[in-house]
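Peer 1: the following block contains a protein sequence and its predicted model.
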Amino acid sequence: MKSGILALAILATTLATGARADLNYPWCAQYGGDGGALNCGFSTYAQCMATVSGTGGFCEQNTTYVPIAPAVHSTRKRRS
């Protein structure tokens, strides 16, 4: 019962904060050399390298990465 309540709380928080699940990150980890698994879920090169450390993999830039522009808020004053 407690785990169900916790799951609902997490879901409500996620929906309220507008979290997105897009996998648009600038770095990819290639595991096990060419032909191995590819994971393009890293924000920084250091994060990627820490993940592949000791696995024989390497990191490369994500060629399909498209930076998402931050939302622009209007500074125009509203009329009352």
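Peer 2: Sure, I can see it.

Peer 1: what's around S43, how many residues?
Peer 2: 10 (other Cβ atoms under 10 Å). (Each C-beta comes from the backbone N, C-alpha and C, glycine too.)

Peer 1: typed the wrong thing, it's N39
Peer 2: Residues near N39, counting by other Cβ under 10 Å, number 18.

Peer 1: over the host helix or strand of it, what's the mean pLDDT, rounded is fine.
Peer 2: Element membership of N39 [criterion: DSSP states H and E] is strand 38-42. Mean pLDDT, strand 38-42: 94.

Peer 1: which neighbouring elements make contact with that strand?
Peer 2: Contacts defined by 3 or more Cβ pairs under 8 Å, 6 or more residues apart in numbering; DSSP states H and E place strand 38-42 against strand 27-30, helix 45-52.

Peer 1: how about the ones you listed in TSV, adding mean pLDDT, mean neighbour count and distance to L38?
Peer 2: Listed next are these as TSV, based on pLDDT from 0 to 100; neighbours: other Cβ atoms under 10 Å; distance: least, Cβ to Cβ, whole Å:
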stretch	mean pLDDT	mean neighbour count	distance to L38
strand 27-30	94	20	6
helix 45-52	95	16	11
